[in-house]
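Novice: Quick one, what's the 3D model for this:
(4 chains)
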2 protein chains.
Amino acid sequence: MLQVLLWERAKEPFAGCWSLPGGYLAPREKLEESIRRHLAAKVDVRELSHLEQLETLSDPDRHPDEWQLVTAYLGLVPTDVDPAVPADTAWHALETLPTMAFDHERIALAGRERLRAKLSYTNLGFALAPATFTMAELRDLYAAALGHDVSATNLKRVLLRRGVLEPIGDHRPPGPSGGRPAELYRFRTRSIAITDQFAVLRPPA
Amino acid sequence: MLQVLLWERAKEPFAGCWSLPGGYLAPREKLEESIRRHLAAKVDVRELSHLEQLETLSDPDRHPDEWQLVTAYLGLVPTDVDPAVPADTAWHALETLPTMAFDHERIALAGRERLRAKLSYTNLGFALAPATFTMAELRDLYAAALGHDVSATNLKRVLLRRGVLEPIGDHRPPGPSGGRPAELYRFRTRSIAITDQFAVLRPPA
DNA sequence: CAGGTTTTAGACTCACGGTCGAAAACTAGC
DNA sequence: GCTAGTTTTCGACCGTGAGTCTAAAACCTG
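Specialist: Now for the predicted structure:
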């Protein structure tokens, strides 16, 4: 299940509504640094497994009081990290978002769409997966992110063929209900890499 | 041949270097409006066939004097428009860019990459093509944008299968060297539409 | 050892696009 | 008007990659 970190606004505007983490840019500060700074001030997130820019919004009506520019980012952490969060902050399932401040719901959904698209043609799964995992775990992770069932057979073949995944050589013993031991895998590289094969109208051989 | 509109800077910094069109954002102005405003002030571009945001850059070192944020956009016009440009402004081939100011060369090349990628999985060709065209013309256009030869046979089959193109029903008489008359086509819609078929790990049937 | 469970592997099929060659439709020159 | 050359169009072939299904493998429990 995909979750997004939100904090509940105490002050107007949008008091009581939920907001994406963020804050103002300091002078001469880079956008990515600002993101990490504001995030670290809120929660104990050692580091994001992936961070990419979504879009800069400039609509003067997106804030009721003042005209402000916002650059939205998509930040990901693996499923196995669960940082401590303050009282006004919580993880929310992306399927059941609460009433959100400003245009933050649109931004959150845009982030999900970006994630879904990039799962198809990049190795972005690394940003959600723990260091090692079984194909069943990865299948569930992809299913949650994509919003539909995923075939473990197909997932394995696709990601192995692309050289995205590699077997660790070890196995995980089955659970109490039995079953064949599951082979353990890892992502070959844990930084973004696109799969070129998707270009249609390829250069001639 | 892909071309980009540049103007030559008269003042420091980067006097004599070439720069992408643009300018400062007015208060309460939307980014897209600002783009169109600054562009209209320079050249007689009635309207862009496509305009999309690339990235917002915040590196404090990208401008020698002051820290400024820049949001880069990709704007496209069809091949058959050739607006009048002032003396300090000219079209430059993307393959032979002159010495450019700031990080504008990186931005221009990023725009080209975005265009190339989207030609593969969207109908973005509409933004470069005239209202009607032959397959040979469209093949040359795609070849120029993609940087490699394109098969007219394949191009036609792919774009027709996706429902991106439709025949106009008319023909263009051959040139002085003869040849079969070419069928005329047009894009079914002249606004961006992605081809969903590219999602790998599709939902089960 | 039998039955249940989970994972893995192989085979089948289909859709899409890259390639090639031939046919169609025209111009120009003899 | 006939032939040669040119450009466009059409059809056929084929390889690849992915979706699907079924069986086999490897484990648990009783």
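Novice: In terms of pLDDT, where does the closest residue in space to A:Arg116 that isn't next to it in sequence sit?
Specialist: In this structure, A:Arg116 finds its nearest non-sequential neighbour in A:Leu146, 5.7 Å apart by C-beta to C-beta, 6 or more residues apart in numbering or on different chains. All C-beta atoms are positioned from the backbone trio N, CA, C, and that covers glycine. On the pLDDT scale, A:Leu146 is placed at 97.
Novice: now A:Ile107, what's its secondary structure?
Specialist: Following DSSP: H, G, I helix; E, B strand; the rest coil, we place A:Ile107 in the helix state.
Novice: and it, what does it touch?
Specialist: A:20, A:54, A:57, A:72 (C-beta atoms under 8 Å, 6 or more residues apart in numbering or on different chains).
Novice: Same list, those, but as JSON lines with pLDDT and distance to A:Arg188 please.
Specialist: Listed next are these as JSON lines, based on pLDDT from 0 to 100; distance: C-beta to C-beta, whole Å:
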{"residue": "A:Leu20", "pLDDT": "97", "distance to A:Arg188": "32"}
{"residue": "A:Leu54", "pLDDT": "98", "distance to A:Arg188": "26"}
{"residue": "A:Leu57", "pLDDT": "98", "distance to A:Arg188": "36"}
{"residue": "A:Ala72", "pLDDT": "98", "distance to A:Arg188": "30"}
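Novice: contacting residues around the residue nearest to A:Arg116?
Specialist: Contacts of A:Leu146 by C-beta under 8 Å, 6+ apart are A:116, A:119, B:201, B:203.
Novice: Using neighbour counts, trim the residues you listed to the buried set.
Specialist: By neighbour count, with 16 or more other C-beta atoms under 10 Å in any protein chain shown, these hold A:116, A:119, B:201 as buried.
Novice: sorry, back to before: just the ones of the contacts of A:Ile107 in strands?
Specialist: Among these, DSSP state E puts A:54, A:57, A:72 in strands.
Novice: Looks like A:Leu159 contacts A:Gly125 (just checking).
Specialist: Yes: the criterion here is C-beta atoms under 8 Å, and A:Leu159 meets it with A:Gly125 at 7.5 Å.
Novice: Compare these two (neighbour count), which wins?
Specialist: Counted by other C-beta atoms under 10 Å in any protein chain shown, A:Leu159 and A:Gly125 do not tie: A:Leu159 has more neighbours, with 23 against 20.
Novice: Excluding residues flanking it in the chain, which one is nearest that one?
Specialist: Among residues not flanking A:Leu159 along the chain, A:Leu165 sits closest, at 4.3 Å (C-beta to C-beta, 6+ apart).
Novice: May I have the beta-bridge partners of the one you found?
Specialist: Going by DSSP bridges, A:Leu165 is paired in beta bridges with A:Phe187.
Novice: For it, grab the count of nearby residues.
Specialist: For A:Leu165, the count of nearby residues is 23 (other C-beta under 10 Å).
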